[in-house]
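Q: kindly return the folded structure for what I paste below:
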Amino acid sequence: MMTKRDPHGNIVRGTIAGLAAAVGGANAVTVLPFSAAVGLPDAFARRIARNTQTILLEESNLYRVADPAAGSGAMEALTSALCLEAWKLFQEIEAAGGPAEALRQGSSKAMSPKPAPRARRRSPGARTR
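A: From the prediction side, this is the model:
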């Protein structure tokens, strides 16, 4: 996960990995010093790694939350509702005699969403012709 070409970019990589591990429910997380891919890390790199772990633990309070990704239940509920509606549409198409017959009857056209009108967008500095 670490790169030798841009060791300072590894600070962000380590932070994101530590956060993802915490949100994913890891029991233990160790953030490596950003220069670990280059060789033995110096005191500054070790300090940044230690501070990253401390900030993730103490300041973000991830350890206090039972489910840091709490909203995933809401997403699952929305996904289930979407699947139920899609299944109803599928059953209506099958009841009409299949996709070809539903198209002939025009029932699938009524089910399909209307395309939104395209708005012309101009950036503030765009030239008009």
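Q: give the buried residues for stretch 86-102.
A: Buried positions in stretch 86-102, judged by neighbour count with 16 or more other C-beta atoms under 10 Å: 93, 96, 102. Glycine gets a C-beta too; all of them are placed from N, C-alpha and C.
Q: which ones among the residues you listed map onto helices?
A: Secondary structure defined by DSSP state H assigns 93, 102 of the buried residues of stretch 86-102 to helices.
Q: pLDDT and distance to Asn10 for the buried residues of stretch 86-102 - can I get that in TSV?
A: Shown next, in TSV, are the buried residues of stretch 86-102 (pLDDT from 0 to 100; distance: C-beta to C-beta, whole Å):
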residue	pLDDT	distance to Asn10
Ile93	88	52
Ala96	88	58
Ala102	84	55
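Q: just the buried residues of stretch 86-102 now: which is nearest Glu59?
A: Nearest to Glu59, judged by C-beta to C-beta, of those is Ile93 at 52.8 Å.
Q: isn't the closest one right up against Leu103?
A: No. Ile93 lies out of contact with Leu103 (C-beta atoms under 8 Å); the separation is 9.1 Å.
Q: distance to Leu57 added to the buried residues of stretch 86-102, as TSV?
A: Output for those, formatted as TSV (distance: C-beta to C-beta, whole Å):
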residue	distance to Leu57
Ile93	53
Ala96	58
Ala102	56
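Q: now, among the buried residues of stretch 86-102, which is nearest to Arg5?
A: Nearest to Arg5 among the buried residues of stretch 86-102, with distances taken as C-beta to C-beta, is Ile93, at 53.3 Å.
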